[in-house]
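Undergrad: this one's sequence-less:
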Ligand code: HEC
């Protein structure tokens with residue numbers, strides 16, 4: 001009788017020890033915390049794809065038409081915008097950044113310190129800095145209208161700028 005009790009408690013002890021230490025890999029992974037879901041890395045934005053909401057881009061594009069900008073400016077990706085009197089705006093953000101860093105700009109009346117400010121200034125005060133390169137030679141002053149401050153609402157101006165800054 002005593003032997004039987006000892007024996008069964010020994011079996012119990014061994015079972016407990018095994019259960020405690022010798023977990024099978026399957027049991028271990030069952031108790032492991034669920035894997036943290038990882039969000040897949042966002043696809044890189046293509047340089048040719050403007051980082052602007054499509055409806056905002058469409059609104060800006062319409063403003064180029066309704067405000068007459070397309071009569072003088074080209075935007076290569078817009079077939080309706082092929083004006084050749086003022087500078088080509090296809091890569092105007094990059095050109096604005098370069099112009100801003102130039103001696104010509106430093107010597108001008110321009111006071112912008114970012115490409116976006118440069119573009120705002122170009123539209124509101126075209127004579128502050130007259131772009132040197134137009135399709136048919138040096139740009140003339142007094143051709144880019146000077147009254148857009150009254151012809152564009154602040155919101156319309158920002159919409160156009162949101163688009164122009166994507167033209168890298
Ligand atoms: C009658 C022709 C004409 C119209 C209309 C016109 N522009 Fe211009 N634009 C020019 C000329 C010419 C220049 C270059 C002279 C200067 O920098 O002031 C110029 C310069 C610019 C520049 C600066 C370019 C640079 O490389 O520095 C921007 C930006 C610009 N225009 C945007 C616009 C926008 C936006 C509109 C419409 C809201 C518009 N323009 C309407 C003729 C025009």
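TA: The structure has been received and is ready for your questions. Note that this is a predicted model, so its numbers are computed, not measured.

Undergrad: show me where pLDDT drops low in the protein?
TA: Where the chain drops to pLDDT under 70, the residues are 1-37, 39-50.

Undergrad: show me which residues of it sit near the ligand.
TA: 67-69, 71-73, 85-87, 92, 95, 99, 119, 122-123, 126, 130-131, 134, 139-140, 143-145, 148, 160 (CB under 6 Å from any ligand atom). All C-beta spots, glycine's among them, are computed from the backbone N, C-alpha and C.

Undergrad: 8 Å instead?
TA: The chain comes close to the ligand at residues 63-64, 67-69, 71-73, 83, 85-87, 89, 92, 95-96, 99, 118-119, 122-123, 126-127, 129-131, 133-134, 139-141, 143-145, 148, 151-152, 160, 164, as judged by CB under 8 Å from any ligand atom.

Undergrad: do a quick rundown of the helices in the chain.
TA: For the chain, the helices defined by DSSP state H occupy 2-21, 25-31, 54-66, 92-100, 103-106, 115-124, 148-151, 154-164.

Undergrad: show me what contacts the nearest residue to residue 142 once chain neighbours are set aside?
TA: Spatially, and ignoring its direct neighbours in sequence, residue 142 is nearest to residue 127 (7.3 Å; CB to CB, 6 or more residues apart in numbering). By CB atoms under 8 Å, 6 or more residues apart in numbering, the contact list for residue 127 reads 109, 141-142, 146.

Undergrad: as CSV, these with neighbour count would be great.
TA: Shown next, in CSV, are the contacts of residue 127 (neighbours: other CB atoms under 10 Å):
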residue, neighbour count
109, 11
141, 11
142, 9
146, 14
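
Undergrad: closest to the ligand out of the residues you listed?
TA: The shortest approach to the ligand among these belongs to residue 141, at 6.1 Å (CB to the nearest ligand atom).

Undergrad: what backbone torsions are found at the closest residue to the closest one other than its chain neighbours?
TA: Nearest residue to residue 141, sequence neighbours excluded (CB to CB, 6+ apart): residue 130, at 4.8 Å. Main-chain torsions, residue 130, degrees, to the nearest 10: phi -100, psi 120.

Undergrad: thanks a lot, see you next time.
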